[in-house]
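Asker: Sequence and predicted model, in that order:
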Amino acid sequence: MISENYGNVDRDGEIKQIVYEISYGVDSLVWAGHPDPVVFLDSAAQASPEPEIEDLFRKYTGISYYFLEYSKNYTLAETYADSTLRLFEERRYDLDYSTFHLYAILRKGDILQAQHLYGSASQYFLQGWQMIDIEKEPCVGAEYLDRLGSISYQQEKYRNSIDFYSRSWQLSTGCAMDTDFSWFRRTFQYYDNMASNYHGLQMPDSALYYNERTLALLQELESSKRFSENAKHRHFLELAKGVTYGNTGTSNKELGREEEAERFWKESIAINEQSGFANKHAELTRLRLADYYVNAGRLEEAEKELSLAREWLDSVSSEEVELRWWRVRWKWLARSGDEMQEYAAYRQYIKLQEARMQNKIEAGTIEVAAQIRLSDQQHKIERLQRESELGEMYLIVAVIVSLLAIVILFLIWRNWTQSKKNVQDLADLGKQVFNQKLQLEKSNKTITRIMSMVVHDLRNPLTGIKGISSMLLPDGNLEEEQKKFLGLIHDSSEHAMELINELMDSNVLDELGNGHKSKKKEVIEIRLFLKRCVDVLQFRAREKRQIIELGDLEGDAAVSLNRDAMFRVIGNLISNAIKFSHRNSVIRLDMENLTDTVLLSVKDSGIGIPDDLKEKVFNMFTEAKRPGTSGEQSFGLGLSISKQIVKAHGGSIWFESEEEKGTTVYIELPVIRQHSEVKWKKLKGEE
């Protein structure tokens, strides 16, 4: 037998290695063309005069694996699995054999699952799972979770399957070393299983994600030649590539990438149609390709693939491939216009589909089968009773139908009269909603006025507090604790002023949107307006030793603005640039004349905006607020209000930002185009 170097592993890992060696040894015998692997395994065990428990475990487990995987003789496979279980009946609580016992239970469940006896298989898997100490036996625990994931997938409980496979993968990471081929097989199976479940959930994006991870893993192993020395490893790598190509093609097809799907399918078929590879997967993939050709109207290519699949089916029996072949054959005949053969193919497809559904029902749990048999007996008794009462039933049905007709006519008449009343009620309700809307708008205006007064009254005392604290701070006669408290008073009043300013901006925005008399727009020369904004805010920049530069403004533009509202926008953008830039940095304000608009920009070289916050910065009370470079507080209102003010002016606002490199905010506003000097003077109010 060929074993792998697992390195320094615990008892759980050692027994997992033994189980893997047993399966790999049987695989090697079959691949080498041995005439009778069962005889070989039996003779190997008889070589020892007094075989130990481990020797018998190897023998029974190997033979049951052969009957399960290769000869498909489930009866003999189950017989040898039962023999393995009997080895541990008297040693159930012997810690030296507890892990062997768990693998014996696992093999029994595998055989039942292969026969679609999911209920019985689940009982064995759950029995073993309850015996496992996850801390000491993570390897066998991962195997049990893997089997529960497989059963959940077969029962189309895809969410449960994903959970089991994920937990199995987490446990298995502590079982195999990264240099082991078993690690690759485990990883490949995990990715493939996850992709299959997401296919079942009709989530092709997620399925493709795992397909691409599998392809990346295969490419890494192929380029590194990690397992190239072993022929059996190379064979499995090629087989895995063929399976992954086919599944990746299916994911691309579901995403509408048909050319990619066709390419992957063809590469998959070319690999797995070879002898000794995944021939069944190749034929299922071939039929997916044929189905795509039929839907695309490429009937000759579809016919060729159908013929190749038929040749394979004539030599190998596969219920799943046979069912899919008849389905594609029926669709091909429908597109070809052969109605007679189309109908015959359709009937054959339905017949096979019904047989498969019946097999699934019969392969259910023992309890379900017993309930079905009992239900059949009850149906026979009820049928006899119904035959004797058939004449009476006809009369009752006729009476019921007549009564129903009368009831329906009555309901139609009543609904017609009720509908007229409902129309009138809806009209009255519409009037009530309109009146309530007017009342709400009136209440909103009242609240806005009250808010304006409150904010205005709060601003004056806070301004005084801030000014007094600013005057007292430089006083050299103050003690350190007094300076500390004055600093707190100064910072708190400054933060409160910023919040009040943003609340006032919100109020201005409401008035601007509602056409308030005191907030009408006027024609403004934008260049002078920007210069005034820079002059006013320059003192704030000096506090952090920053400079606000006004770029070379080419020409000028006349824009219809609400001066106070737009000043708050520019002020807010420059304040943000100051807040999120480092000391001794430069903030630049530029203007560019476009065809019908003027483009303003505020650029800094500060800390920038992270990618995960970029979509949130314009939200009201956004979670994207962060402290400035000197700990300045943010309230999350400024950019949201600025965006709404710009929008109210018929403009747009956006930004470009890169972390630790800075942010540039752009504002684009419509300009008033001057057709003559006279009109320009009128716009400015000059005579």
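Answerer: Everything's here; your move. Numbers count the residues shown, from 1 in each chain.
Asker: quick one, domains of this structure?
Answerer: 1-177, 414-516, 521-678 (automatic domain parsing).
Asker: quick one: secondary structure of L669?
Answerer: Per DSSP: H, G, I helix; E, B strand; the rest coil, the secondary structure class of L669 is strand.
Asker: give the contact list for the residue nearest to it when sequence neighbours are not counted.
Answerer: Spatial nearest neighbour of L669, excluding adjacent residues (Cβ to Cβ, 6 or more residues apart in numbering): G651 at 4.0 Å. Yep, even glycine has a C-beta here, placed from its N, CA and C like the rest. For G651, the contact set (Cβ atoms under 8 Å, 6 or more residues apart in numbering) comprises T597, I667, E668, L669, P670.
Asker: and G651, backbone torsions?
Answerer: phi -110, psi -170 (degrees, to the nearest 10).
Asker: out of the contacts of G651, which are buried?
Answerer: Among the contacts of G651, those classed as buried by 16 or more other Cβ atoms under 10 Å are T597, I667, E668, L669.
Asker: Closest one of those to S315?
Answerer: Nearest to S315 among the buried ones among the contacts of G651 is E668, at 71.0 Å by Cβ to Cβ.
Asker: Mind listing the residues bridging to that closest one?
Answerer: Taking DSSP bridges as the rule, E668 bridges to L599, S652.
Asker: For the residue nearest to K614 when sequence neighbours are not counted, grab the count of nearby residues.
Answerer: Spatially, and ignoring its direct neighbours in sequence, K614 is nearest to S657 (6.8 Å; Cβ to Cβ, 6+ apart). Residues near S657, counting by other Cβ atoms under 10 Å, number 20.
Asker: I'd like to know how far S657 sits from D604.
Answerer: Noted for S657: a distance of 10 Å to D604, by Cβ to Cβ, to the nearest Å.
Asker: okay, and the common contacts of the two?
Answerer: T663, T664.
Asker: Tell me who's in contact with the residue nearest to the spatial centre of the chain.
Answerer: Nearest to the mean C-alpha position of the chain, counting by Cα atoms, centre = their mean, stands S206 at 6.1 Å. By Cβ under 8 Å, 6+ apart, the contact list for S206 reads M194, Y198.
Asker: ok, now with 7 Å
Answerer: Y198 (Cβ atoms under 7 Å, 6 or more residues apart in numbering).
Asker: element containing it, please.
Answerer: Using DSSP states H and E, S206 maps to helix 204-224.
Asker: re earlier: what's the pLDDT at the residue nearest to the centre of the chain?
Answerer: Per-residue confidence at S206 stands at 94 (pLDDT).
Asker: now the strands for the chain?
Answerer: For the chain, the strands defined by DSSP state E cover 522-525, 547-550, 558-561, 586-593, 597-603, 652-658, 662-670.
Asker: Nearest to L171 among the ones you listed would be which one?
Answerer: Closest approach to L171 among these (Cβ to Cβ): strand 652-658, 41.5 Å.
Asker: Please produce JSON lines containing the strands of the chain, extended by mean pLDDT and distance to K232.
Answerer: Output for the strands of the chain, formatted as JSON lines (pLDDT from 0 to 100; distance: least, Cβ to Cβ, whole Å):
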{"stretch": "strand 522-525", "mean pLDDT": "88", "distance to K232": "81"}
{"stretch": "strand 547-550", "mean pLDDT": "91", "distance to K232": "71"}
{"stretch": "strand 558-561", "mean pLDDT": "89", "distance to K232": "77"}
{"stretch": "strand 586-593", "mean pLDDT": "92", "distance to K232": "67"}
{"stretch": "strand 597-603", "mean pLDDT": "93", "distance to K232": "63"}
{"stretch": "strand 652-658", "mean pLDDT": "93", "distance to K232": "51"}
{"stretch": "strand 662-670", "mean pLDDT": "94", "distance to K232": "58"}
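Asker: among the domains of the chain, which is nearest L306?
Answerer: domain 1-177 (26.7 Å).
Asker: How much space separates the closest residue to Y20 other than its chain neighbours from Q538?
Answerer: Among residues not flanking Y20 along the chain, S182 sits closest, at 5.9 Å (Cβ to Cβ, 6+ apart). For S182, the distance to Q538 (Cβ to Cβ) stands at 69 Å.
Asker: Go through the contacts of G651 and say which is closest to A216.
Answerer: A216 has its nearest neighbour among these in E668, at 43.2 Å by Cβ to Cβ.
Asker: what's around A345, how many residues?
Answerer: Close neighbours of A345, defined as other Cβ under 10 Å, add up to 21.
Asker: Test my guess that T61 contacts I22.
Answerer: Yes: contact criterion Cβ atoms under 7 Å: T61 and I22 qualify, at 5.2 Å.
Asker: so what sits against both of those two?
Answerer: In contact with both T61 and I22: no residue, using Cβ under 7 Å, 6+ apart.
Asker: now the residue nearest to the centre of the chain: how far from R213?
Answerer: For S206, the distance to R213 equals 11 Å [Cβ to Cβ].
Asker: if we can go back for a sec, okay, buried residues for the helix holding S206 please.
Answerer: Within helix 204-224, the residues that count as buried by 16+ other Cβ under 10 Å are P204, S206, A207, L208, Y210, N211, R213, T214, L215, L217, L218, L221.
Asker: picking that back up, adding distance to F264, write the domains of the chain out as CSV.
Answerer: Conversion of these to CSV gives the following (distance: least, Cβ to Cβ, whole Å):
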stretch, distance to F264
domain 1-177, 22
domain 414-516, 54
domain 521-678, 32
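Asker: Can you tell me which of those domains is nearest to E322?
Answerer: E322 lies closest to domain 1-177 among the domains of the chain, at 16.5 Å (Cβ to Cβ).
Asker: Quick one: mean pLDDT for that closest one?
Answerer: On average, domain 1-177 scores 79.
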